[in-house]
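Enquirer: Curious how this folds, go ahead:
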Amino acid sequence: MYKLTAAHRTLPFETMVRVTNLNNGKSAVVRITDRGPFVDNRIIDLSLAAAREVDSVGAGVVPVRVEVLSPGVDPNVGFFTVQVGAFRERANAERLRDRLSPAYSPIFIQQYDSPDGIFYRVRVGKVSGEEAAHQFGEQLRDREGFTTFVTRLDEGTTGGGNR
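Expert: Sure, this is the predicted structure:
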């Protein structure tokens, strides 16, 4: 919260980016350390320190430009997954996993300790490339009616405890 960090759905962890507030031209260089935002039409969540740098604390949501500064980072390369639900009760996440498992694999349940409490995120697939993951997300939306989010599949999130 007090460091220049941010959450992004698909950029690799530790990627350095410049975020510029398009309303006032102020910018901050931040490190991607978390996943999110999981709200439609938002591309990055800034820490409080970073939001202060770009003068977006009062407004909360502002239009921004995000530029990747880390050399050699290709944001489209790697494995991605599609989030299809987030539940406060693990049993609800397990029911969704069980319903989808005959048709889709792998399915992950990832526990997330948010400021609003613990959530259990249900994520489907291990897809190579961000564009292919977006196409898979559209298929899930069309076939199952989900509101989907594509997110990078980070190291350690495919462990047996999350399945």
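Enquirer: Give the residue spans of this structure that score low on pLDDT.
Expert: Across the chain, the ranges flagged by pLDDT under 70 are 156-163.
Enquirer: if you set the cut-off to 50 instead, what comes out?
Expert: Counting by pLDDT under 50, the low-confidence segments of the chain come to 159-163.
Enquirer: I figured G85 hits A93, correct?
Expert: Yes - the pair G85 and A93 passes the contact test of C-beta atoms under 8 Å, sitting 6.8 Å apart. For every residue, glycine as well, the C-beta is placed using N, CA and C.
Enquirer: neighbours of the closest residue to R152 other than its chain neighbours, just the number please.
Expert: If the residues on either side of it in the chain are set aside, R152 comes closest to T10, at 4.9 Å by C-beta to C-beta, 6 or more residues apart in numbering. Using other C-beta atoms under 10 Å, T10 has 20 other residues around it.
Enquirer: Name all residues that make contact with T10.
Expert: By C-beta atoms under 8 Å, 6 or more residues apart in numbering, the contact list for T10 reads P75, F80, E130, V150, T151, R152.
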